[in-house]
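Novice: quick check, what structure comes out for this input:
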Amino acid sequence: MSSGIIMTLKGSNRILNIYSDRVEFVPESKSLLNTILTGTGQKGGARRTLFYKDLMGVEYKPPSKFVEGYMRFLYHGSQDTKVSSTAGMSSAFNDNNAVTFGGGLGLVNKISVEDTNKAYDFIMAKIAEYK
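Specialist: The predicted model follows:
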């Protein structure tokens, strides 16, 4: 198992650490401001690790100027339901296999499209290595 983190993305709902052989979701304590802005009281949780060899794909919507984006990891046995609307973002926010990213006007955990695109491209290339 590789030990070095290649990339880290701080999402609105959790931190995503990207390694050469896996991704890891790290829970993050929610500040009062984050809880108010996101409408959830979710705190903490367990670390979750998904290996590229077990993944079927990634559902990805980059953050935009006005709307949060997300990256959701699909594997055999996961529920494959597309997040199709802004209202559905709460579903991505609470999904244990997803990380959400603040957009350009996001007040919480703003992240660049370039960073999320780079992460997505890296992860998809790693998944392709196992196919």
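Novice: now this structure, which segments are flagged as low pLDDT?
Specialist: 1-3, 29-45, 78-93, 103-110 (pLDDT under 70).
Novice: buried stuff in the longest helix seen in it?
Specialist: The single longest helix within the chain, with elements called by DSSP state H, is helix 113-129. Within helix 113-129, the residues that count as buried by 16 or more other Cβ atoms under 10 Å are D115, T116, A119, Y120, I123, K126, I127. For the C-beta atoms, the positions are set from N, CA and C on the backbone; glycine is no exception.
Novice: quick one: the strands in the chain?
Specialist: 7-10, 14-18, 22-27, 48-51, 55-61, 69-75, 98-101 (DSSP state E).
Novice: for those strands, give me CSV that also has mean neighbour count.
Specialist: Shown next, in CSV, are those (neighbours: other Cβ atoms under 10 Å):
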stretch, mean neighbour count
strand 7-10, 16
strand 14-18, 19
strand 22-27, 19
strand 48-51, 15
strand 55-61, 17
strand 69-75, 22
strand 98-101, 26
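Novice: now distance to K131 too, for the ones you listed, in CSV please.
Specialist: CSV is the format used below for the strands of the chain (distance: least, Cβ to Cβ, whole Å):
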stretch, distance to K131
strand 7-10, 21
strand 14-18, 19
strand 22-27, 16
strand 48-51, 14
strand 55-61, 9
strand 69-75, 13
strand 98-101, 22
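Novice: hang on, the earlier thing: for the longest helix of the chain, name the packing helices and strands.
Specialist: With contacts defined as 3 or more Cβ pairs under 8 Å, 6 or more residues apart in numbering; DSSP states H and E, helix 113-129 has these neighbours: strand 7-10, strand 14-18, strand 55-61, strand 69-75.
Novice: now do the contacts for the residue nearest to M124 when sequence neighbours are not counted.
Specialist: Leaving out its chain neighbours, the residue that sits closest to M124 by Cβ to Cβ, 6 or more residues apart in numbering is V58, at 6.3 Å. V58 makes contact with M71, R72, F73, L74, Y120, I123, M124, I127, according to Cβ atoms under 8 Å, 6 or more residues apart in numbering.
Novice: many thanks, I have nothing further to ask.
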